Structure formats: C-alpha cells, structure tokens
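Asks: Below is the sequence, then the predicted model.
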Amino acid sequence: MKKFLIGIIVTTFLACNSDDDTQDPVLCTLEARAGLEVTVKDGLGGANITNGVTVEAIDGNYSETLKKVEANNTFVGAYERAGTYIITVTKDGYRDNTLSEPVLVAEDVCHVITESVEVILEKK
C-alpha cells in the first residue's frame with residue numbers, strides 16, 4: 001500500500017510541476033530575415049565583387065536570384081525560407097562557381113538562421 005501511495009504522490013507532483021506554466025512566451029519580431037547572405041570575392045586579389053555578378057540559390061523546385069545589397073557588398077535571399085540550397089555564382093569573364101556542398105538554412109521558433117557564405121570566382 002505504501003508503494004501505491006508513493007506512486008500516486010510522485011505522479012501528482014510531476015503533473016503539478018509542468019514547465020508549461022512557468023515558461024516565458026516567445027516574442028518574435030516582425031522583420032523578415034534572409035536565409036542566405038553571400039559574399040563574392042575575386043580569386044586573384046580577394047576583393048569583393050558585385051557588379052555583373054549573379055547569385056542563384058536552388059532548393060529542389062524552388063530557385064531564387066539573390067538581391068545585391070550595396071551597403072555591405074553581399075547578395076541576400078531565401079527570406080524566411082529554410083531549406084538546403086545549391087548556390088551558383090556567375091559573372092562574365094569568370095568561371096562559374098557552384099558550391100560543392102549544399103548550404104543548409106535552419107530555422108528557430110521565430111525566424112530562419114542566416115547562413116553566410118563566401119564564394120571565390122576565378123578569371124577565365
């Protein structure tokens with residue numbers, strides 16, 4: 001009988017100590033976050049290059065040409081879209097570069113977690 005009562009007491013205690021009642025609510029911002037941020041560099045001198053560069057991200061049937069951000073010489077896209085992306089960078093006078101490893105964009109409770117990638121282009 002003692003074991004039975006102890007079992008009931010332990011079960012009641014655990015049921016009453018649920019963490020759900022004490023957790024703070026998650027407050028998410030309304031901003032949209034880019035899943036990808038790509039920096040393109042010249043393979044010879046290492047300088048950032050953006051003019052005439054096209055950065056494409058593909059995840060299965062989804063594809064997007066990333067937008068150039070002049071302020072920090074990057075290309076961004078995949079806003080609030082988790083996935084596994086193949087990234088290809090092209091520019092006239094340079095060899096196309098498709099990253100050998102796909103880029104995984106994960107997400108947390110509120111937003112995607114931005115993955116920053118650097119791509120080197122070599123002249124032809």
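Replies: That came through, no problem. Residues are numbered from 1 along each chain as shown.
Asks: Which residue ranges of the chain form strands?
Replies: Remark: strands assigned in the chain by DSSP state E are 34-42, 54-59, 62-65, 67-69, 74-79, 83-90, 97-98, 103-105, 115-121.
Asks: Which one of those strands lies nearest to Cys28?
Replies: strand 74-79 (14.7 Å; C-beta to C-beta). For every residue, glycine as well, the C-beta is placed using N, CA and C.
Asks: Remind me what that closest one packs against, helices and strands.
Replies: strand 34-42, strand 54-59, strand 62-65, strand 67-69 (3 or more C-beta pairs under 8 Å, 6 or more residues apart in numbering; DSSP states H and E).
Asks: what's next to that strand, contact-wise?
Replies: Under the criterion C-beta atoms under 8 Å, 6 or more residues apart in numbering, residues 32-40, 50, 53, 55, 57, 59, 64-69, 85, 105, 112 lie in contact with strand 74-79.
Asks: 6 Å instead, please
Replies: Contact with strand 74-79 is made by 32, 34-39, 55, 57, 64, 66-69, 105, as judged by C-beta atoms under 6 Å, 6 or more residues apart in numbering.
Asks: Any of those residues buried? List them.
Replies: Among these, those classed as buried by 16 or more other C-beta atoms under 10 Å are Ala34, Gly35, Leu36, Glu37, Val38, Thr39, Val55, Ala57, Glu64, Leu66, Lys68, Val105.
Asks: Greatest separation within these: which pair is it?
Replies: Spanning the widest gap among the buried ones among the contacts of strand 74-79 are Lys68 and Val105, at 19.1 Å by C-beta to C-beta.
Asks: what residue ranges in this structure score low on pLDDT?
Replies: For the chain, applying pLDDT under 70 flags the ranges 1-22.
Asks: Could you rerun that using 80?
Replies: Filtered on pLDDT under 80, the chain yields the residue ranges 1-23.
Asks: circling back to that earlier point, which of the buried ones among the contacts of strand 74-79 lies closest to Ile120?
Replies: Nearest to Ile120 out of the buried ones among the contacts of strand 74-79 is Thr39 (C-beta to C-beta; 9.8 Å).
Asks: Let me know whether the closest one touches Glu118 as I believe.
Replies: Yes. When contacts are counted by C-beta atoms under 6 Å, Thr39 is listed as touching Glu118 (4.8 Å).
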